[in-house]
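S.K.: have a look; sequence and predicted model below, questions after that.
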Amino acid sequence: MELDRIEILLEKYFDAETTIAEENELKIYFSSSDVAQHLEHYRGMFSYFSAAKEQQFEQELPLKTTARKKVAWLSIAATIVILLGMFTFYNQNITQNQDLGTYDDPEKAFQETQKALNLLSKNVNVGVEGMQYVQEYQQSTELIFKN
């Protein structure tokens, strides 16, 4: 009868349905010398669990680490790199923006203004043509989905 109970407890144990008391009962059974021959291969597993429970970690752990110092230096270096990058970018933009597009000759200024306005006109006309398609689409959807 005891063997049937142990087999039932083993099934429950492998299904993770045992209580602590039932697991202790299994450990006691497998630590005894009366283990059934067909259950003998479980003895090593349960003896390992008992031995592992007794183990303790005895090695000292260092309390102070040098990782904080490395992180501090790394953050300082990253800040310096970012500031140098911003300074370089700012200086390049200042030197590029000094040419404001001013002309001493009024005729040349008029020609450049006409070029800019023609370019603007072409781009606006392209946008207006695109809006005509949208207007056609809107009209067709209104015809289809009349309320």
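M.R.: It's in. The model shown is predicted, which means the values in this text are computed figures rather than measured ones.

S.K.: any idea how far the residue of the chain most remote from its centre lies from Gln114?
M.R.: Largest separation from the mean C-alpha position in the chain: Glu107, at 59.5 Å (C-alpha atoms, centre = their mean). Separation of Glu107 from Gln114 (C-beta to C-beta, to the nearest Å): 11 Å. Yep, even glycine has a C-beta here, placed from its N, CA and C like the rest.

S.K.: one more: Lys64?
M.R.: Distance from Lys64 to Gln114, by C-beta to C-beta: 73 Å.

S.K.: tell me the helices and strands packed up against the worst-scoring helix or strand of the chain on mean pLDDT.
M.R.: Least confident helix or strand, the chain: helix 43-54 with a mean of 76, by mean pLDDT, DSSP states H and E. Contacting helix 43-54 under the criterion 3 or more C-beta pairs under 8 Å, 6 or more residues apart in numbering; DSSP states H and E are the following elements: helix 20-31.

S.K.: state the mean pLDDT of the longest helix seen in the chain.
M.R.: As assigned by DSSP state H, the longest helix anywhere in the chain is helix 106-144. Average pLDDT, helix 106-144: 82.

S.K.: now for Lys22, how many residues are close by?
M.R.: Heads up, residue 22 is Glu, not Lys. 16 (other C-beta atoms under 10 Å).

S.K.: so what's it up against?
M.R.: By C-beta atoms under 8 Å, 6 or more residues apart in numbering, the contact set of Glu22 is Leu9, Lys12, Tyr13.

S.K.: now restrict these to buried residues only.
M.R.: With burial judged by 16 or more other C-beta atoms under 10 Å, the buried subset of these is Leu9, Tyr13.

S.K.: no more questions from me, cheers.
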